[in-house]
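Chemist: let's see this in three dimensions:
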Amino acid sequence: MALNQETPIYVNVKLEQSDVFMNKMSSSEQFEEIEDDDKLQLLSYLINNPSTSDKKKAKCLHQRIIINYENKNWLNVVDDIKMFEEINNSGVFSVLKIKARLHEHCRKARLSIMKMMDNGNYCDEHEKLFYNISQKNIDDLINGEMPIRCRSAKKSIKRLTK
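Modeler: The predicted structure follows:
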């Protein structure tokens, strides 16, 4: 009895599942059917598996970076990009890394301001900054949708003449 090329041979279930997953990852329709949490769990397994080649790890990291970015898990994005850069020495994610770092920095600043507000130790400037660095405003800034206000020409002229 000859085996069809598509007939799976089960030797090691986890290895077989990961190989099937990696082979089907190029088919975006099948990959999109999987829930994000399940994708992340499987990608993490493949990335942490010592038998996974660097090429496959880079591909898995690429997918995990995109999923975490879409889910706004900024710290995970930054960590994954560091791992990706160790394997694949390219600047593919340099802009995404900067965006994620900006989001993460603003998130930490918002948490800090929230703690001050909870303790009653804040002023109007804290509250204004809290709303100015909201996730939506940072998204708008990154996407070029936030208008950038610049000083009026009169103010800059006055400063130059003083």
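Chemist: go ahead and flag the most central residue of the protein.
Modeler: Nearest to the centroid of the C-alpha atoms of the chain, with distances taken as C-alpha atoms, centre = their mean, sits Tyr69, at 2.8 Å.
Chemist: contacting residues for that residue?
Modeler: Val77, Leu96, Lys99, Ala100 (C-beta atoms under 8 Å, 6 or more residues apart in numbering). From N, CA and C alone the C-beta is placed, and that goes for glycine too.
Chemist: tell me the mean pLDDT for the longest helix belonging to the chain?
Modeler: Ranked by number of residues, the top helix in the chain under DSSP state H is helix 94-118. Averaging pLDDT along helix 94-118 gives 93.
Chemist: still on that earlier bit, would you list the contacts of Tyr69 in CSV and tack on distance to Pro50?
Modeler: Shown next, in CSV, are the contacts of Tyr69 (distance: C-beta to C-beta, whole Å):
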residue, distance to Pro50
Val77, 24
Leu96, 27
Lys99, 31
Ala100, 27
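Chemist: mind picking the two most distant members of those residues?
Modeler: Val77 and Lys99 (8.4 Å; C-beta to C-beta).
Chemist: which of the two has more neighbours?
Modeler: Counted by other C-beta atoms under 10 Å, Val77 and Lys99 do not tie: Val77 has more neighbours, with 26 against 20.
Chemist: pretty sure that one contacts Leu102?
Modeler: No - contact criterion C-beta atoms under 8 Å: Val77 and Leu102 do not qualify, at 11.2 Å.
Chemist: which of the helices or strands spans the residue nearest to the centre of the chain?
Modeler: Tyr69 belongs to helix 54-70 when assigned by DSSP states H and E.
Chemist: and the nearest residue to Ile34 once chain neighbours are set aside, what element?
Modeler: Spatial nearest neighbour of Ile34, excluding adjacent residues (C-beta to C-beta, 6 or more residues apart in numbering): Leu42 at 7.6 Å. For Leu42, the enclosing helix or strand under DSSP H and E is helix 36-48.
Chemist: for that helix, name the packing helices and strands.
Modeler: With contacts taken as 3 or more C-beta pairs under 8 Å, 6 or more residues apart in numbering; DSSP states H and E, helix 36-48 sits against helix 13-24, helix 54-70.
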